[in-house]
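[1] For reference, the sequence and a predicted model appear below.
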Amino acid sequence: MGSEDVYYPSQEVLDYATVKEYNSLYKYSIENTEAFWAEQAQNLEWYEPWDKVIDDSDKPFYKWFVGAKTNIIHNAIDRHLKTATRNKIAFVWEGENGDLRVFSYHALNREVSQFANILKSMGVKKGDTVTIYMPQIPEQIFAMLACAKIGAVHSVVYAGFSYESLGERIKAAKSKVVITADGGFRKGKIVDLKSIINVALEDNPYTQVVITVKRTGQNVEMVSDRDYWYHDLKSLPIASIKCNTEVMESTDPLFLLYTSGSTGKPKGLVHTHGGYSVYTYSTMKMLLDVKSEDRIWTAADPGWITGHSYIVYGPLINGATMFLYEGAPNHPYPNRWWQMIEKYGITILYTSPTAIRGLMRFGESWVKRHDISSLRLLGSVGEPINPEAWKWYYEVVGNKKCPIIDTWWQTETGGHIIAPLPIFPLKPGSATKPFFGVQVAVVDDDGNQVQPNEQGNLVIKNPWPGMACCVHEDRERWIETYWKKYEKFGWYHPGDAAKYDDDNYIWIIGRSDDVIKVSGYRLGTAEIESALVSHPAVAEAAAIALPHSLKGNAIYAYVILKKDFAVTADLENELKDQVTKLMGPIARPESITLVDSLPKTRSGKIMRRVLKARAQGLDVGDISTLEE
Ligand code: PRX
């Protein structure tokens, strides 16, 4: 190990960890990749086994466990009902207002079956896509699982998105049925979701039914013959507690999840039943080291991939107990998280660097008020973690005894790709090494491996079961976005810059394309720019990311106004509001600068890198392609 900060695992961690050795198993998994994944898959139950572990006859559209019959629900719920796990707590939920709901696996099955029967009675069939736009309440999870159970495809849209982003996603998924709630609680206030749905569904030719769960109880507008209260439907005989799980092909779609890219509209990544089940199961078990006695809190929104994989599917497939909290971390006071960890005996906390920095800001006295010694493992996800936040997490939250599992992955990868096992010596800020069965490298634009400690492009050299199968209804975009750059090698190009050090530890630097990570949320510069240009005053716009101490990055926008537009005193706020209105509060720019011109290449592409360098007072680098 190099001379920098290295944190070694305690004997207790070494003794407890599921996987005790990395090198030999990694070597085996790379030399016998199909056998390795087949062994992992054999830990799950299948209705019928596979003929082939991987079918790569239509690269880069890889198919996993081809010929197998399965349903993720069989492994997440049904399988547990045959054992003592049926009486175990599957899921504990706390509302921001203190409401508490607890579900055993048996109770979870009943809720999911009822929801599934309701969906069926509303005409949802195998293969249909259902959009879910909900606060973090149990019914959000039931709705996802109910879709999977009947073979429908769920498309969860994060509840922080505005009507425009939501409407676009509902239309793209052609959802006949949309599931929502009247609202959710956040910082003691009601976030009114139903009115956002109502606007999003104007001019929507697809949606015939909106199922609304009552959470906040304020008056909401219900459209007759379209909108139904969930509790009314649940009291009807159609909502039987018995429902068969649909038998699916391993390669059938399980969900769509829209995510931002460097160009154009968000794309719907498609994940499938078989491969995704195996991958979320294995990563959760080996990297987050989940055991049956664990109570895991993935403090993220179920509306993002982290929530799909490590709130919902990973913990349930592993038969563990998961925890979900509805609201803000500092409501009513900044001890809220620590209080819940103490109350529920949480053993694994998995969250984002932004959340950690946000809580760190309030100081350690809030943490010290509580006995959080139940924690034994901590995880980080979504953005690079700065060493200062890492150390605070390690020392103050983990009391120097919990390994920090810094997991690098993406919506597209379905699960962790680079992360330490709990037994690794850790270096704050490094995601360390690739997971079993996955080969990664840091290369230059021509595909040559860069030297240690030199920046390059991260690539994944071989397929893995958790990978998305494609982009929804857009074959070309899957190829173009991820596979074109290193086409001749057949490598996946995630769009992140990275380096590796003398110990072969990988350090993720950040996005190398026009994707911005704000507080761990992924946004495309193109979407922000088009929101700005939709304002009548704006002729052209460019958005860049600059470092921010709390959010990781913040958005800085530059706009050229239309010629005869009179500048008003409040224009900057108006433009910020425009982005918030169209995209949601997470996309609100930090600052807006009015400019006369934008740096562009001769072919008219905005050189955001030049704007960024100028804003930071750095050398603008090679500008030979800059227009005169
Ligand atoms: O830039 C990387 C960053 O998040 C991107 C993926 O974003 P998304 O699809 O929204 O998924 C987030 C949750 C998995 C990556 O391309 N990222 C994710 N995890 C890390 C990270 N950057 C550094 N370190 C991480 N641990």
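    Nice, thanks for sending it over. Numbering: from 1, shown residues only.
[2] Close to the ligand: what parts of the chain are there?
    259, 305-306, 380-384, 406-411, 431, 494-496, 508, 511, 517, 522 (CB under 6 Å from any ligand atom). Using the backbone N, CA and C atoms, a C-beta is placed for each residue, glycine as well.
[3] Filter these down to just the ones in helices.
    305, 306 (DSSP state H).
[4] just the buried members of the residues of the chain next to the ligand?
    259, 305-306, 380-384, 406-411, 431, 494-496, 508, 511, 517, 522 (16 or more other CB atoms under 10 Å).
[5] Keep only those of those that are in strands.
    Among these, DSSP state E puts 259, 380, 381, 406, 407, 496, 508, 511, 517, 522 in strands.
[6] CSV for the residues you listed, including pLDDT?
    Below are these laid out as CSV (pLDDT from 0 to 100):
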residue, pLDDT
259, 93
380, 98
381, 98
406, 98
407, 98
496, 97
508, 97
511, 92
517, 94
522, 93
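[7] Greatest separation within those: which pair is it?
    Using CB to CB, those reach their maximum pairwise distance at 259 and 406, which is 20.7 Å.
[8] with the ones in strands among the buried ones among the residues of the chain next to the ligand in mind, which one is nearest to residue 13?
    residue 406 (15.5 Å).
[9] Which strand residues bridge the closest one?
    residue 380 (DSSP bridges).
[10] Check residue 555 too.
    According to DSSP bridges, beta-bridge pairing links residue 555 with residue 545.
[11] wait, isn't it in contact with residue 542?
    No. Look at residue 555 against residue 542 with CB atoms under 8 Å: they stay out of range, at 10.8 Å.
[12] show me what contacts the residue of the stretch 201-350 of the chain found nearest the ligand?
    Proximity to the ligand, evaluated over the stretch 201-350 of the chain using CB to the nearest ligand atom, is greatest for residue 306 at 4.8 Å. Residues near residue 306 by CB atoms under 8 Å, 6 or more residues apart in numbering: 298, 300, 350, 381, 382.
[13] Find me the pLDDT at it, would you?
    For residue 306, the model assigns a pLDDT of 98.
[14] Tell me the spacing between it and residue 471.
    From residue 306 over to residue 471 the distance is 20 Å, taken as CB to CB, to the nearest Å.
[15] Tell me which residue of the chain is furthest from the middle?
    Most distant residue from the mean C-alpha position of the chain: residue 564, 43.2 Å away (CA atoms, centre = their mean).
[16] Figure out the helix or strand that that one lives in.
    Residue 564 belongs to no helix or strand when elements are defined using DSSP states H and E.
[17] how close does it sit to the ligand?
    41 Å (CB to the nearest ligand atom, to the nearest Å).
[18] Flag the shaky bits of the protein, pLDDT-wise.
    Where the chain drops to pLDDT under 70, the residues are 2-3, 627-628.
[19] show me what contacts whichever residue of the stretch 301-450 of the chain sits closest to the ligand?
    Proximity of the stretch 301-450 of the chain to the ligand (CB to the nearest ligand atom) peaks at residue 411, 3.4 Å away. Neighbouring residues of residue 411 by CB under 8 Å, 6+ apart: 257, 259, 269, 304, 305, 468, 522.
[20] One more: residue 48?
    When contacts are taken as CB under 8 Å, 6+ apart, residue 48 is in contact with 67, 68, 69.
[21] Now the first one: closest residue in space, sequence neighbours ignored.
    To tie it back to what came earlier, the one meant is residue 67. In space, and not counting its chain neighbours, residue 67 is closest to residue 51: 3.4 Å by CB to CB, 6 or more residues apart in numbering.
[22] Look up how far the ligand lies from that neighbour.
    In terms of CB to the nearest ligand atom, residue 51 sits 31 Å off from the ligand.
[23] Neighbours of that residue, how many?
    Residue 51 has 10 neighbours, counted by other CB atoms under 10 Å.
[24] Now for it: which residues touch it?
    Neighbours of residue 51 in contact, by CB under 8 Å, 6+ apart: 66, 67, 68.
[25] try residue 115
    Residues counted as contacts of residue 115 (CB under 8 Å, 6+ apart) are 139, 142, 143, 145, 146, 239.
[26] Shouldn't the second one be within a helix?
    Yes. According to DSSP: H, G, I helix; E, B strand; the rest coil, the state of residue 142 is that of a helix.
[27] so what's it up against?
    Residue 142 touches 108, 111, 112, 115, counting by CB under 8 Å, 6+ apart.
[28] three-state assignment of the third one?
    For residue 112, the secondary structure call by three-state DSSP comes out as helix.
[29] Name the nearest residue to it, sequence neighbours excluded.
    Closest to residue 112 by CB to CB, 6+ apart is residue 145, at 4.5 Å.
[30] So the one you found sits against residue 76, correct?
    Yes. Between residue 145 and residue 76 there is a contact under CB under 8 Å: 6.9 Å.
[31] joint contacts of those two?
    residue 312.
[32] the more surrounded of those two?
    Per other CB under 10 Å, whichever of residue 145 and residue 76 has more neighbours is residue 76, with 30 against 24.
[33] Surely the more buried one is in contact with residue 320?
    No. If you go by CB under 8 Å, residue 76 and residue 320 don't touch, sitting 11.0 Å apart.
[34] Which one of the contacts of residue 142 is nearest to residue 416?
    Using CB to CB, those come closest to residue 416 at residue 108, 24.7 Å.
[35] which ones are touching the closest one?
    By CB under 8 Å, 6+ apart, residue 108 lies in contact with 77, 90, 91, 142, 145, 316.
[36] who touches the first one in this structure?
    Residues counted as contacts of residue 77 (CB under 8 Å, 6+ apart) are 90, 105, 108, 109, 112, 145, 316.
[37] got a list of what the spatially most central residue of the chain touches?
    Residue closest to the average C-alpha location in the chain (CA atoms, centre = their mean): residue 305, at 2.6 Å. With contacts defined as CB under 8 Å, 6+ apart, residue 305 is in contact with 257, 259, 409, 410, 411, 414.
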